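> structure, please.
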Amino acid sequence: MRARSINFEQLVQQNKQEILEDKKRIKQIEMRLEKKQEDLVKRKLQEMK
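Prediction:
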């Protein structure tokens, strides 16, 4: 839980930082999903040969 003594500017800055971290994690997840999808397509293409 956040301390009550945090001021508004600190809270805004902390929230911005959390959003940036979340965006980074989302991007990493998207990249992993994209890679898995590519691998799946490659595997299916190999099976069709």
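> where does pLDDT dip in this structure?
Low-confidence segments of the chain (pLDDT under 70): 1-4.
> any idea how far K35 lies from K49?
The gap separating K35 from K49 is 22 Å, by CB to CB, to the nearest Å. For the C-beta atoms, the positions are set from N, CA and C on the backbone; glycine is no exception.
> quick one: which of these two has more around it?
Using other CB atoms under 10 Å as the criterion, K35 and K49 rank with K35 on top: 10 against 4.
> run the chain-centre distance for the host helix or strand of that one.
Assessed by DSSP states H and E, K35 sits inside helix 8-48. Centroid separation between helix 8-48 and its chain, computed with CA atoms, centre = their mean, to the nearest Å, is 4 Å.
> and stretch 26-37, C-alpha only, in PDB?
In PDB, the C-alpha atoms belonging to stretch 26-37 read as follows (Å, rounded to 0.1, in the frame of the first residue of the first chain):
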ATOM      1  CA  ILE A  26       3.100  -6.200 -22.800                       C
ATOM      2  CA  LYS A  27       5.500  -5.700 -25.700                       C
ATOM      3  CA  GLN A  28       7.600  -8.700 -24.500                       C
ATOM      4  CA  ILE A  29       4.500 -10.900 -24.300                       C
ATOM      5  CA  GLU A  30       3.400  -9.700 -27.800                       C
ATOM      6  CA  MET A  31       6.800 -10.600 -29.100                       C
ATOM      7  CA  ARG A  32       6.700 -14.100 -27.500                       C
ATOM      8  CA  LEU A  33       3.200 -14.700 -28.900                       C
ATOM      9  CA  GLU A  34       4.300 -13.600 -32.400                       C
ATOM     10  CA  LYS A  35       7.300 -15.900 -32.300                       C
ATOM     11  CA  LYS A  36       5.100 -18.800 -31.200                       C
ATOM     12  CA  GLN A  37       2.700 -18.100 -34.000                       C
END
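> which residues does that stretch contact?
Defining contact as CB atoms under 8 Å, 6 or more residues apart in numbering, one finds that nothing outside stretch 26-37 touches it.
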